[in-house]
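Engineer: sequence plus the predicted model coming up.
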Amino acid sequence: MNNRDQTTGFAKRSLGQNFLVDQDFIDKIIKAVDPQPGETIIEIGPGRGALTQRLVNSGVKVIAIELDRELVPQLREQFKDSPNFRVIEDNATKVDFARIGLGGSEVRIEFKVVANLPYYISTAILQHLASQRSCFSSLILMFQREVVGRITAEPGTRERGFLTVLVESAFSVRKLFDVPPNAFRPIPKVVSSVVELTPKPPLVTDNSEFRDLISQGFMQKRKTILNNLKGKYSNILDVLKKSEIDPQRRAESLTLDEWIRLFGFIN
Ligand code: SAM
């Protein structure tokens, strides 16, 4: 059965398809990306090509990654006369960006990334982009505003969680602007926001161990850091003392520097 929803103009809700139609916001996003001659830009989820068209017109090399197998041939048709466009049918949360970066030669390319992303992949894609951040020079990403609130949440605020610390450890984050629901078709129920992420050099030696620590630390947000961590790290009380972190604090109150200090004493 065709799972395209007739009431939303053939958009697939299951793939979070809300297509940008407002030219002013398309302009603002392209301005934030700032395509420069000679650059290669990866667009995740090009959809019907609203941003793609503008990127291709600017003359940069565009590599689009689209999961919807019905949209891929449409994109190939739309850009068949543009040698600077390529589309890869794949799940962006699984793509090996380092391999794309080699591009058949030994010289690695650093990409800019642009994406208007569905809510359901926000955590998975941010984790994946963070783990491959050495492939990117900058990322302009649009998420549901709530997700941007979480990834920019300051220590001591309720929104601060696993995703905040993970993103903060990998990127400098700058919120750029909100995008209202009526900029999309079909019109979503929520406001979106655009952020700029700039990759940071590695702050810790073992990223997956660090991810485990913050994931465990935020396991139950109402519990103290000691209670969340004691099941996994038997010497945690000693480690917290050495790190000069009060064991009765909650994970959301810790700064990135404190997480890194804590991690240093665990290893
Ligand atoms: N960029 C277009 C725009 O702004 O109009 C489309 C944005 S729409 C919110 C999200 C797009 O991401 C859709 O085209 C959808 O099919 C695609 N998508 C969803 N999940 C994906 C995934 N895991 N990997 C790659 N593309 C995905």
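Structural biologist: Received it, and whenever you're ready, just let me know what you need.
Engineer: okay, CA-based contacts and neighbour counts for the rest of this
Structural biologist: Fine.
Engineer: can you list the low-confidence ranges for this structure?
Structural biologist: 1-9, 101-108 (pLDDT under 70).
Engineer: can you give me the helices in it?
Structural biologist: Applying DSSP state H to the chain gives helices spanning 23-33, 50-57, 71-78, 97-102, 122-131, 145-151, 162-170, 207-217, 225-229, 236-242, 256-266.
Engineer: with only the CA atoms kept, save the shortest one in CSV.
Structural biologist: Output in CSV follows, covering the C-alpha atoms of helix 225-229 (Å, rounded to 0.1, in the frame of the first residue of the first chain):
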residue,chain,number,x,y,z
ILE,A,225,24.9,11.9,40.6
LEU,A,226,26.2,9.4,43.2
ASN,A,227,23.0,7.2,43.0
ASN,A,228,23.0,7.2,39.2
LEU,A,229,26.7,6.3,38.9
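Engineer: show me which residues of this structure are close to the ligand?
Structural biologist: Contact residues, the chain versus the ligand (C-alpha under 6 Å from any ligand atom): 15-20, 44-48, 50, 65-68, 91-93, 116-118.
Engineer: rewinding a little: take the helices of the chain and write them to CSV, including distance to residue 178 and mean neighbour count.
Structural biologist: Listed next are these as CSV, based on distance: least, C-alpha to C-alpha, whole Å; neighbours: other C-alpha atoms under 10 Å:
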stretch, distance to residue 178, mean neighbour count
helix 23-33, 9, 15
helix 50-57, 17, 19
helix 71-78, 27, 16
helix 97-102, 28, 16
helix 122-131, 17, 18
helix 145-151, 7, 19
helix 162-170, 19, 23
helix 207-217, 29, 18
helix 225-229, 34, 22
helix 236-242, 39, 17
helix 256-266, 26, 17
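Engineer: next, format those helices as JSON lines and append distance to residue 185.
Structural biologist: Shown next, in JSON lines, are these (distance: least, C-alpha to C-alpha, whole Å):
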{"stretch": "helix 23-33", "distance to residue 185": "13"}
{"stretch": "helix 50-57", "distance to residue 185": "12"}
{"stretch": "helix 71-78", "distance to residue 185": "16"}
{"stretch": "helix 97-102", "distance to residue 185": "30"}
{"stretch": "helix 122-131", "distance to residue 185": "20"}
{"stretch": "helix 145-151", "distance to residue 185": "17"}
{"stretch": "helix 162-170", "distance to residue 185": "28"}
{"stretch": "helix 207-217", "distance to residue 185": "36"}
{"stretch": "helix 225-229", "distance to residue 185": "43"}
{"stretch": "helix 236-242", "distance to residue 185": "50"}
{"stretch": "helix 256-266", "distance to residue 185": "38"}
